[in-house]
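Enquirer: fold the following.
(chains A, B and C)
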Amino acid sequence: MSEPIQELRLEGITKRFPGVLACDRVSIEVRRGEALALVGENGAGKSTLMNILAGLYQPDEGRILVNGEPVHFRSPADAYDRGIGMVHQDFMLVPSMTVAENVALGLESLHRGFRLDVREARRRVTEVAEHHELPVNPDARVWQLSVGEQQRVELVKTLCLGARLLILDEPTSALTPQETDDLLERLSRMTSELSIIFISHKLNEVKELTHRVAILRRGAVVYSGNTDDHSTAELAALMTGREVVLPRNDGSGAPGAPVLAVQGLKVRGDRGHLALDGLDLELRAGEILGLAGVSGNGQRELADALAGLRPVESGTIRFDGEDVSRSSPRRIIERGMGYIPEDRHHEGIVGSFSVKENLVLKDFAGPRFSRLGFLRLRAIQKNADALRERFDIRCSSTAVAAGTLSGGNIQKVILARELDRGPKALVAVYPTRGVDMGAEEFIHGQLLSLRRRSVGILLVSEELEEIMNLSDRIAVIYKGRILSVRPARGTTRQELGLLMAGGAHA
Amino acid sequence: MPRRFALVYAAGVVVLAAAGAAAVAAAVLAVIGASPWATFATIVTGPLQDVFGVTEILVRAVPLVLVALGVAISFRSGILNIGAEGQILVGILCTTAVALWLPGLPRYVLVPLCLAAGAAGGALWGGIAGVLRARFDVNEILSTVMLNYIAAQLYTFVLRGPMIDPAELMTGSGTPQSMRLVRAAWLDRIVPGSRLHTGLVLALALAGLVWVLLFRTTLGYRLRAAGAGAKAARYAGVPVERSLVVAMLFAGGFAGLAGGVEVLGVHHRAIEAISSGYGFAAIVVALFGGLHPLGIVPSAVFFGQLLVGADMTQRSAGVPANMVLVLQGAIILAIVSAKMYLNNPYARQRVATALARLGIARGASPQAEEAGP
Amino acid sequence: MNAGRMAYDILSLGVPFSVALLLAALGEMFNQRAGVFNLGCEGIMAMGAYLGFLPAYLARSGPYGPWADVLGFALAAAAGALLALVFAVVTVTFRAPQGIAGIGLQMLGVGVAGTLFRHFTGGVTGVEGVSAWPIPVLSRIPLLGGVLFNHNPVVYVAFLCVPASWYLLYRTPWGLRVRAVGTHPRAADTMGIDVNRVRYQALMLGGAMGGLGGAYLSLCQAKMFADDLVAGRGFIAVALVYFGRWSPWGITGGALLFSLAQAFQLAIQVGGIHFPYEFAVMLPYALVILVLALARYRALGPTALGKPFNREMRI
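Expert: Down below sits the predicted model:
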């Protein structure tokens, strides 16, 4: 067991990746029993910094001091030895193994000899779970657990492995509002025994939980002090360096005829279960329909089915009057469906192709860019130049590989391509995930202007604020069905939170 | 200056990789008591000593170019064709069959017909693996390797049976080979006194055509997209499964064509051990040539030299011909390793940082490379 | 030809025929469970076959018979581990694509084995090899005795490896690490497990077992070495791991299935049934394709299979 951490200091930590300075002489400190918030936009360097603290990355410069003593973490094992553990944004649990087995993986003491003592791991799990009031079943297989339950497992696991300082990376991104409140309350109680570093870009949560806050912008600390000294708005301004007001849907214009009508849709997920179980949805021209829900309730399968990438077991999808439930993706694209996919690196662009090649990924065989089977290179180049200008895509030239661009710029390439085709409907899945505020502002602006041009937009997002700001109507998806569709105006976070968790009883 | 460092780094990686491959080969040579220097010297200089040697290099290069072009198309499309050996054999059978079946046709009909049959046979054989991958998600490396073994048995069966030279049956010697093909089916010799034939022209022309196909046509774009980003290609409506099959049809077709060319140009009959490892060698040729037609041609000449040189070392220094396989294997491992470091800015930066820490190569420091997000 | 007699022959041949495949496939199972597939298994088996054969060949006129065999197996295992080490450097440390690297290793292994063979042995020579050790009481059981208990000791050892592998994979801490590394390497990494080291270990174990499988071919089965001795068994072993759903029991079943097919082919020849030799030889290879096509096992395999692990990948 490691000794308690009275004081943890990072001094002058610098980390570079090719072409990017991720951490720029960052210095922060945490004391015992304190909750420090590490705040910044997407891409500001928070996760990188914490990965260094947790022993996953090596800093190029700077040092870490625990209780005044410099330490060098070559791996997460070293960090755990000193009592530093991290709960990552993507859960680090092996889905096919049980909770106890997952914990056993990290318990050094169990790794001697030829017999795997899972019993000891189970005992440890139960002990920690009871002590911190985090109910967890050690024999459950991880893939069977819900997102909220998995997060509890992650917390218990980190504590079992001896963490005295917990680093939490965006822990509430996949939770309902009720689960979020629950978590923040638990964490608050834990500060009596542990120190916490809480990474987030959600300032209201920061305000609620933490004592001190450090704000990162472009890899450097721009402010550090007590959380209570500033209002949320002031913190936001410090975070982005300027007054950012994200564009909102002003509710103008009336929605037109339905452009997408889904009825009784049943679609199977990867594991063979029914991911969509009789889903009904209607999207009208000129409206933004926000799809709220905890991830894993069928959003991905719905988006895939709409794009023609997943077979429809039963039910219909009518797009612009035509039944496309059995159509090929090509047909649906040609009918005018745009798609901004979840995984922009692998689903949105071909990383090794140039930016200009990516901009014609859907139309290269059409009359605009080809003739008799030959590519019209000059037309492709001109198209790329024009779109780069219009969408402010930052790249040294359109001939560079698209995969080397930053997340925000890749998203702009995808947006440029989709929007330039003049779609009748657009499905946007987590369009601003991992993207900095400047790009987020731009993307929101583009979506709203599309709306004004009578395009129907289905916005799938896990950020309730984004959905509430941009949507005309909000639909809540739960276990593969639409629980409710409401006008955005007048619906509160609480109501949405309850629905996302399954209904009237949370 | 970062740019100069990048060049030095790239050169360093290539040199290290080449040295690694050479070291492996040298180690094996040392074990069997042959002098690595002498062996390498023979390989490098031996074939170049006379005109015949040079033409022999080109004779080997022709099938290598053809098969490697097909391999390049398939690899770029995301499907790894290891089945060229078998596809060559099937191509040989088809070419020989047509030539034996229709010997009376005039040459300008017979030759293209035979070659087309060879290509078709190879394409069919390759297509099987393509369909297996597209419809049944069968790993194409495993299926093409299995198809190689099956094709080898099929080849032997046909050569000992239906296609055997009646003369062999009469004399009772039973050598598995077909009858000599009619003169009309032969490809002309370019250099008198050598075995170099007009297949060379065909190979070079096809290299140019493949370049156009891959980089200037919509079909090529489709194939490359399917290989470089299958997921994104699907989302963009590109029929990825169909592209995989098309790629295998091309790959098998080129291999089958190579087999036909060997029969019509060099041996003038179907014999055993005719493909003698061209199928595997072509994979190395393709990789070495960067999977690009412009690189494949010189790469094929290089490997042609290797093959001829290895033959010579077998005769002169007693180095078994299997050494070629050792070299090819070592070269593949070297190439795939080097590739990971060449296009990798992370690795380059790690090296630069390490060197800077050691006090060498100042100015290679990546601070100079920084650009804003 | 008595059908019963033929069935008995096939069964009693099938068991020892499966050993080489079984050993290599069990080794490959560890590789794949850790997330790496080694197509160079064929080359490893070739090297194992030759190095296993070599001491027996050199000592063939002397009194050291059985010791030479033991040395042969040891050399084969060592060579297999060494080749696997090279493969590990290329695919785990350098993170090169595993498919092509495997083919490169295969060429290397086959080439070196062939070169050494031609140089040190020259022509195809037989060796005495390892003879059968019938188990005292059990081998007298009618029918079953001949099929199961009348084989050379390596056969018994190989079949003992099956439950041993199961225990190693599911009941030891190392096995837990291997499974984690093959399914969710990032998670294992955050818990302080050295992903690359575990993969190296799994690969070397797999290589050693592949080498043993090759040595079995030359010392116990064919009792000689030739260029085409391995004849694709290394590739079949890799396919078997898919077919056996990455479990020792499934792999055993698969190995027996394929060796029965081979025994069937021999029985046909011997039985004088008119069936072209070449088509009979094709049978196992065609069977592999059939089996791979009919089995849709992708979703059940180790999720990280085939993907190199890179901690610094920022996605």
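Enquirer: assess the claim that A:S471 and A:G290 are in contact.
Expert: Yes: contact criterion CB atoms under 8 Å: A:S471 and A:G290 qualify, at 3.3 Å. C-beta: built from backbone N, CA, C; applies to glycine.
Enquirer: overlap in contacts, these two.
Expert: A:459, A:488 (CB atoms under 8 Å, 6 or more residues apart in numbering or on different chains).
Enquirer: and C:V15, how many neighbours?
Expert: 23 (other CB atoms under 10 Å in any protein chain shown).
Enquirer: what distance do you get for it to C:S259?
Expert: Distance of C:V15 to C:S259, given as CB to CB, to the nearest Å: 7 Å.
Enquirer: A:I474 too?
Expert: Taking CB to CB, one finds A:I474 at 62 Å from C:S259.
Enquirer: try A:L291
Expert: 55 Å.
Enquirer: same deal with B:V65?
Expert: As judged by CB to CB, B:V65 and C:S259 stand 41 Å apart.
Enquirer: do the same with A:S449
Expert: A:S449 sits 68 Å away from C:S259, going by CB to CB.
Enquirer: who has more neighbours out of the two?
Expert: Regarding A:S449 and C:S259, a neighbour count based on other CB under 10 Å identifies C:S259 as having more, with 24 against 12.
Enquirer: now do the SS call for the more buried one.
Expert: Using DSSP: H, G, I helix; E, B strand; the rest coil, the structure places C:S259 in helix.
Enquirer: quick check: it touching C:S12?
Expert: No: C:S259 lies out of contact with C:S12 (CB under 8 Å); the separation is 11.3 Å.
Enquirer: pull the number of nearby residues for the residue of chain A found nearest chain C.
Expert: Nearest to chain C, among the residues of chain A, is A:A77, at 2.9 Å (CB to the nearest CB). For A:A77, the neighbour count with other CB under 10 Å is 17.
Enquirer: tell me the pLDDT of it.
Expert: We note a pLDDT of 86 for A:A77 in this prediction.
Enquirer: enumerate every residue touching it.
Expert: Counted by CB under 8 Å, 6+ apart, A:A77 has contacts A:55, A:108, C:191-192.
Enquirer: go with 6 Å
Expert: C:G192 (CB atoms under 6 Å, 6 or more residues apart in numbering or on different chains).
Enquirer: in the helix or strand hosting it, what counts as buried?
Expert: Using DSSP states H and E, A:A77 sits within helix A:76-81. Neighbour-count burial for helix A:76-81, counted by 16 or more other CB atoms under 10 Å in any protein chain shown, picks out A:76-77, A:79-81.
Enquirer: nearest to A:N226 among these?
Expert: Comparing the buried residues of helix A:76-81 against A:N226 with CB to CB places A:A79 closest, at 27.0 Å.
Enquirer: would you agree the closest one is in contact with A:A54?
Expert: Yes: contact criterion CB atoms under 6 Å: A:A79 and A:A54 qualify, at 5.2 Å.
Enquirer: picking that back up, which is the next helix or strand following the helix holding A:A77?
Expert: strand A:84-87.
Enquirer: which strands and helices lie in contact with that next one?
Expert: Strand A:84-87 is packed against helix A:147-160, strand A:165-169, with contacts defined by 3 or more CB pairs under 6 Å, 6 or more residues apart in numbering or on different chains; DSSP states H and E.
Enquirer: apart from its neighbours in sequence, what residue is nearest the residue in the stretch 251-373 of chain B positioned nearest to chain A?
Expert: Using CB to the nearest CB, the single residue of the stretch 251-373 of chain B nearest to chain A is B:P345, 3.6 Å away. The shortest distance from B:P345 to any non-neighbouring residue, by CB to CB, 6 or more residues apart in numbering or on different chains, is to A:P18 (3.6 Å).
Enquirer: mind checking what secondary structure residue 130 has?
Expert: Assuming you mean chain A. When classified by three-state DSSP, A:E130 comes out as helix.
Enquirer: let me rephrase: I mean chain C.
Expert: Following three-state DSSP, we place C:V130 in the coil state.
Enquirer: quick one: it and C:D69 touch, right?
Expert: Yes: in this structure, C:V130 is within contact of C:D69 by CB under 6 Å, at 5.4 Å.
Enquirer: what residues does the stretch 1-150 of chain B have near chain C?
Expert: Within the stretch 1-150 of chain B, the positions near chain C by CB under 6 Å from any CB of the partner chain are B:28, B:32, B:80, B:132, B:136, B:138, B:141-143, B:145-146, B:149-150.
Enquirer: so residue 237 is in which element?
Expert: Looking at chain A here, since you left the chain open. Short version: A:A237 belongs to helix A:232-240, going by DSSP H and E.
Enquirer: wrong chain, I was asking about chain C
Expert: helix C:233-243.
Enquirer: report all helices and strands that that helix contacts.
Expert: helix C:3-33, helix C:41-58, helix C:248-270, helix C:277-294.
Enquirer: one more time with 7 Å
Expert: Contact analysis of helix C:233-243 by 3 or more CB pairs under 7 Å, 6 or more residues apart in numbering or on different chains; DSSP states H and E lists helix B:140-160, helix C:3-33, helix C:41-58, helix C:248-270, helix C:277-294 as its packing neighbours.
Enquirer: nearest residue to B:G227 other than its sequence neighbours?
Expert: Using CB to CB, 6+ apart, the closest residue to B:G227 is B:G78 (3.4 Å).
Enquirer: need the three-state assignment for that neighbour.
Expert: Put simply, B:G78 is coil when judged by three-state DSSP.
Enquirer: quick one, what contacts it?
Expert: With contacts taken as CB atoms under 7 Å, 6 or more residues apart in numbering or on different chains, B:G78 has the following neighbours: B:226-227, B:230, B:244.
Enquirer: go on, B:L294?
Expert: B:W211 are the contacts of B:L294 under CB under 7 Å, 6+ apart.
Enquirer: how about the residues of the stretch 101-250 of chain C by chain A?
Expert: For the stretch 101-250 of chain C, the residues in contact with chain A (CB under 7 Å from any CB of the partner chain) are C:171-173, C:176-177, C:180, C:183-184, C:186-193.
Enquirer: contact partners for the nearest residue to A:L184 once chain neighbours are set aside?
Expert: Closest residue in space to A:L184, ignoring its immediate chain neighbours: A:L209 at 5.1 Å, by CB to CB, 6+ apart. Residues in contact with A:L209, defined by CB under 7 Å, 6+ apart, are A:35, A:184, A:187-188, A:198.
Enquirer: which of these sits closest to B:L154?
Expert: A:F198 (67.3 Å).
Enquirer: near chain C, which residues of chain A are found?
Expert: Within chain A, the positions near chain C by CB under 7 Å from any CB are A:17, A:56-57, A:75-77, A:80, A:86, A:88, A:92-94, A:96, A:101, A:104-106, A:110-111, A:114-116, A:270, A:345.
Enquirer: list the residues that contact both of C:V130 and C:D69?
Expert: Overlap of the contact sets of C:V130 and C:D69 (by CB under 7 Å, 6+ apart) consists of C:L219.
Enquirer: mind checking the SS state of the residue of the stretch 301-450 of chain A found nearest chain B?
Expert: Relative to chain B, the nearest point of the stretch 301-450 of chain A is A:V350 (3.2 Å; CB to the nearest CB). At A:V350 the chain is in coil, as set by three-state DSSP.
Enquirer: okay, now it: neighbour count?
Expert: Neighbours of A:V350 (other CB under 10 Å): 26.
Enquirer: test my guess that it contacts B:A228.
Expert: Yes: contact criterion CB atoms under 7 Å: A:V350 and B:A228 qualify, at 5.0 Å.
Enquirer: ok, now which ones touch B:F280?
Expert: By CB under 7 Å, 6+ apart, the residues touching B:F280 are B:85, B:328, C:107.
Enquirer: the first one touches B:N148, doesn't it?
Expert: Yes: counting by CB under 7 Å, a contact exists between B:E85 and B:N148, whose distance comes to 4.7 Å.
Enquirer: which residues does residue 287 contact?
Expert: Just so you know, I chose chain A. A:255, A:451, A:456, A:472-473.
Enquirer: that's the other chain; I wanted chain B
Expert: B:L287 is in contact with B:332, B:335, counting by CB under 7 Å, 6+ apart.
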